[in-house]
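S.K.: prediction below, plus the sequence it came from.
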Amino acid sequence: MSPRELIKPWVEYFAQKDYERAACYFKKALELDVTFIAAYSALAETLNRMGEIDQAMEVVQKWLEFDNNDALAHATISRIYVQLGQIEQAEKELAISKFLSSV
C-alpha cells in the first residue's frame, strides 16, 4: 500500500475525532516514505488536537528538515509556539511563513 493510500481513511477518522487512529495512518505513511510532506502536516495537526503538543512540534521540526521553505510548516510551528507560550519564536516563524507565501 502506498503512503497516499494509507492517509485516505484519515478524513473519516479525523471527522469522527478518532485522532489516535488517524495518527496511526500518518505514522505508517511516514514509515513508507519519510519525504511525504502531506503526512507531516496532517500528523502534526492530529497530534495537536490530541493535546500532544511536544510530539506535534517534533513532527513539524522533522517536516522542516525536508522542506524548510514550506510556508505551511512555518505557520504550523508558529501556532505551536503560541500554544507553548513562546510568543517571540512564534512571531519569527509567522514572519518566515508570510515571506515564503509571498515569494
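M.R.: Cool, got the structure. Numbering: from 1, shown residues only.
S.K.: how distant is the longest helix along the chain from the center of its chain?
M.R.: In the chain, ranked by residue count with DSSP state H as the criterion, the top helix is helix 87-102. Centre-to-centre, helix 87-102 and its host chain are 16 Å apart (C-alpha atoms, centre = their mean, to the nearest Å).
S.K.: which secondary structure elements does that helix contact?
M.R.: For helix 87-102, the elements it packs on are helix 71-83, judged by 3 or more C-beta pairs under 8 Å, 6 or more residues apart in numbering; DSSP states H and E. Placement of C-beta: from N, CA and C, glycine included.
S.K.: and the angle from the helix it packs on to helix 87-102?
M.R.: 160 degrees (axes from the mean of the first three to the mean of the last three C-alpha atoms, to 10 degrees).
S.K.: outside of the longest helix of the chain itself, list whatever touches it.
M.R.: With C-beta atoms under 8 Å, 6 or more residues apart in numbering as the test, helix 87-102 has contacts from N69, D70, A71, L72, H74, A75, I77, S78, R79, Y81, V82.
S.K.: so where is this protein shaky, pLDDT-wise?
M.R.: 1, 3, 6-7 (pLDDT under 70).
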